[in-house]
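attaching a predicted model along with its sequence, questions to come.
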Amino acid sequence: MTNSWTDIKNTDLVVIMGGNAAEAHPCGFKWVTEAKHHRGAKLIVVDPRFNRSASVSDYYAPIRPGSDIAFLMGVIRWCIENDKVQWDYVRNYTNVGYLVREDFGWQDGMFTGYDEEKRSYDQTSWEYELGEDGYVINDETLTHPRCVWQLLKKHVDVYTPEFVENLCGTPKDRFLKICEMIGETASPTKTMTSMYALGWTQHSKGAQNIRGMAMLQLLLGNIGVPGGGMNALRGHSNIQGLTDVGLMSNLIPGYLNMPRETEPDFATYMSTRANKPLRPNQMSYWQNYGKFMVSFMKALWGDKATAENGWGYDWLPKLDIAQYDAMRMFNMMKNGEVNIYFCQGFNPLLSFPNRGKMTEAFSKLKLLVVMDPLATETAAFWENHGIYNDVDTASIQTEVLELPTTCFAEDEGATVNSGRWLQWHWAGATPPGQAKTDVWIMAQIYHRIKALYETEGGKSPEPILNLSWDYADPEEPTAAELAKELNGRALTTLYDATDPTKVVLEAGKQVSGFGQLRDDGSTASACWIYAGCFTEDGNAMARRDNSDPSGMGVHLNWSFAWPANRRVLYNRASCDLDGKPWDPSRVLIEWNGEKWVGPDIPDIAVTAKPREVGPFIMNPEGTSRFFSRRLMRDGPFPTHMEPFESPVANPLNPNMRGNPVARVFPDDLANMATSDEFPLVATSYRLTEHFHYWTKHNYVNAVNQPEFFVEISEELAAEKGIVKGGRVRVWSKRGQVWAKAVVTKRIRPLICDGKPVHVVGIPIHWGFKGAARKGFGPNTLGPFVGDANIETPEFKAYLVNIEPASEGMA
Amino acid sequence: MNIDLSRRSFLRLSGAGVAATSLTAMGFSEAEAAEAAHVRDFKLATMTETRNICTYCSVACGIIMYSKGDLAAGEKAELIHIEGDADHPTNKGTLCPKGAALKDYVKAETRLTHPRIRRPGSDRFEEITWDEAFDKIARAVKDDRDANLIEKNAEGVQVNRLTTTGFLAASATTNETAWATWKVVRSLGLVGFDNQARV
């Protein structure tokens, strides 16, 4: 989230699209209720189902799964046509005036540079035109045919209300009413917030869905302002933290990148990360990349990292491809190319698409290690449970180790909420039986492998032997020790750069913020964005002062928010060019003539004068981007792409299937269906009563929602002869499930391209372990393809079929 | 009366207070002391309170856990009850149907309590010791790493890449667990490393 849960109360309009906060995030949704009640805010819900968020909304419109980009580009088109643009914001804080290279273009739903063989674009033309001074050329009149504004207008031109209705199945009058409601927030004193979740990410173009809304929010001047922003309602309690700390194939903590093998040494690695400003005076904060990276490597390798050895750069793994994401690993596993796999608190047998492929993959492992508080389906993938897990146990040669771990109630540390608050928690229960913390388990694994290298030698032992492991009890580092490492400290006494007699921080002291980090090896910090979380003043994450003097829901002394305890990102943009808040009744920060002051931490240097430094300090432009240059694989503007399995052809290009640059493995392509065989659109979702595959282990939740079901319209039920509560079989080209049929008015057929499209809703919560009845999840059916940029599986739109099934089945 | 009551002492007093007040109203003030002496304390008042954060979604509601026994004092602590933390700015004491049943997750019958192994082809898990489990893991990873680690690529660049062992990390663990995990996993050269954010 750019903003926080409590900030939602400041909004005038909530758009829930690509999520279902009332059911999946109930206690966060209360802030929508607050805004409605106290500010008279309105709630719009756009979703294939009339879900419980919709049931308390002011306005609802249905949409066909996988058509969100067309809807959003349609709203942008309408706003431009009707002059619902916050011009002062757009002109000054975005890249609308910048010129784009002459060879850039878009036609037939594709951008310039497509290579069909490689399934990727040559992105050379997706770039600004730079002047002789090295800065991007800006046309303040916005009239140059190659300025971003003109290109944007041209790009969205096709998305007329009629086009949207035909493609999305959203009735034109409903679409236009929503455009009008959204358009009102172009006023500098009105804001809109976007609340989205996996309904937008789980598509082969998920990142472009989100960009579409981010662009709309820029157009309306709603980014960086109270009650505005792009608010990703993240799934798990620490999915934000695990990503911050870089537990992804291509990441280093603090959103630094794992090196590629084309970067053979540290100097080469740094050479492409200078982040020189693209406009005069801009902060381009990533210019400090080297300070963060060197401090990270000092945290990782300790004294072993020196200037001479490039801070231990050689010991880091180097990628030969963009990433070994989980789906790639499972594909390799299925091909017999993976021997050992660890699942730490993760149940991939129920989480990744094409369950049959997942089972086949796990069956090819030599060793599967599962660390979990609960008995998971993944650990028991080899058990035969009839139709629920129909495997030949004896033929599966995988050895499985199942290790009992503690859960939240039994351990201590911080988790990061959607709003980037690092909140500390304490242990209050003795772990059951021999359950142990994950930290203890990882330490044991590390020490034993290290001991083997010490006694036997072996390949490249340096990274293992040189890993910094400086804890009072090396067998079980404490949460506080690890948190202090994440924050960082001075290794030698730091002196002021301009006045060398002045001590900034003494050796051994915790840094107070990332501004103190250096690239000369004198500081260590494992995760620069967390600097400030555990300083000489103590553990900021454990702070519990819930006061909110401004009444803006800022809560600056409650826990710690990254970065720098800032609660609303880009909050400089909440003020006009001269530093006056757009809305004097909602002030986060303002310029007092000398510096930035206010209830939030300014997202700009406190003495940076208005009109000099732009609000988007992480971008070399200092502005935010309608045209995203070469940063996304599938284009600098979002363009409509159908799901890989779709009931209709892409009207922009009938030959285009799915996202033309999404990675598809050959056997998975062969496993994709067309609508003549599988005419129904499936989409997955969560229920209020369950959390993923965990709560089915609880009797209370199992009683509340005991049994797997699928949800269909009365029209589809009538067509197929399915009765309420009857048993049905749902099948895709990859697998089949049996379920109870819930026949509702909440899903209605949509008319797309002149024909009815039926949607089958499939909740995600069942498996063959726990207290609830055995059942299936949608991952049995979903296609093995992910988003072109980040490989999130396309669970929200694919094709199935349905028929009544006999009651006697299992 | 001391108005600076702590939450716990307030709970402890309130049970006795309600009984005494009503007795007084009915003219039984003499009985107050005797009555208060045998009115049961509010059960939770004898528990240890621990602040925690709900483990489910990322609204991250504040919760108060009530345990019999004080873990911080080295005692065995049994979780008795969980409720929303009224002081928490986000949830202000409320919990959803998932959070309200959180205790049942901690105490689920399907919690794992012992390291177990399923041997190749077998149809059941068998208990093993932690030592045996770790020895197996260390041996297997060391052997796989020694056999399959790509130390240098064709150009002679040190790449330290191991693709034959992979790791999926949990998104309900703490940042601190995450960092310890990152260190161990990357020191081995693993690149097939992800968390739930990928799904």
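Thanks, I have it.

show me the strands in the stretch 1-150 of chain A, by range?
A:13-17, A:42-46, A:59-61, A:106-107, A:110-111, A:114-115, A:120-121 (DSSP state E, counting those that start in this stretch).

repeat that for chain B.
All strands of chain B, identified by DSSP state E, fall at B:48-53, B:62-68, B:78-84, B:116-118, B:125-127, B:150-152, B:158-169, B:190-195.

nearest to A:Glu162, of those strands?
Closest of the strands of chain B to A:Glu162 is strand B:190-195, at 42.0 Å (criterion: CB to CB). Quick note: C-beta positions are derived from backbone N, CA and C, even for glycine.

tell me what angle that closest one forms with strand B:158-169.
30 degrees (axes from the mean of the first three to the mean of the last three CA atoms, to 10 degrees).

strand B:190-195: partners in the sheet, and parallel or antiparallel?
Paired with strand B:190-195 in the same sheet, following DSSP bridges, are strand B:158-169 (parallel).

residues from the stretch 551-700 of chain A in reach of chain B?
A:553, A:555, A:558, A:688-691, A:694-695, A:697-700 (CB under 8 Å from any CB of the partner chain).

residue 114: how many residues sit nearby?
I'll assume chain A. 15 (other CB atoms under 10 Å in any protein chain shown).

if you could check chain B rather than the one you did, that'd help
Every residue meeting other CB under 10 Å relative to B:His114 is counted, giving 17.

is it true that it touches A:Pro404?
Yes - between B:His114 and A:Pro404 there is a contact under CB atoms under 8 Å: 6.3 Å.

shared neighbours, these two?
Counting by CB atoms under 8 Å, 6 or more residues apart in numbering or on different chains, the residues touching both B:His114 and A:Pro404 are A:433-434.

residue contacts, residue 148?
No chain was given, so I picked chain A. A:94-98, A:100, A:626-627 are the contacts of A:Val148 under CB under 8 Å, 6+ apart.

nope, chain B please
A:339, B:162-165.

over to A:Pro778?
A:Pro778 makes contact with A:682, A:684, A:737, A:762-764, A:795, according to CB under 8 Å, 6+ apart.

in a markdown table, list those along with neighbour count and secondary structure.
Shown next, in a markdown table, are these (neighbours: other CB atoms under 10 Å in any protein chain shown; DSSP: H, G, I helix; E, B strand; the rest coil):
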| residue | neighbour count | secondary structure |
| --- | --- | --- |
| A:Ala682 | 26 | strand |
| A:Ser684 | 23 | strand |
| A:Val737 | 24 | strand |
| A:Ile762 | 24 | strand |
| A:Pro763 | 21 | strand |
| A:Ile764 | 21 | coil |
| A:Phe795 | 29 | coil |
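
so, low pLDDT: which residues of the chain?
Defaulting to chain A. A:808-810 (pLDDT under 70).

could you do chain B instead?
Using pLDDT under 70, chain B drops low at B:1-32, B:35-37.

for residue 56, which non-adjacent residue is spatially closest?
Unless you meant another one, I'm taking chain A. Excluding the flanking residues, the one nearest A:Val56 by CB to CB, 6 or more residues apart in numbering or on different chains is A:Ala22, at 6.2 Å.

meant chain B, my bad for not saying
A:Phe691 (4.3 Å).
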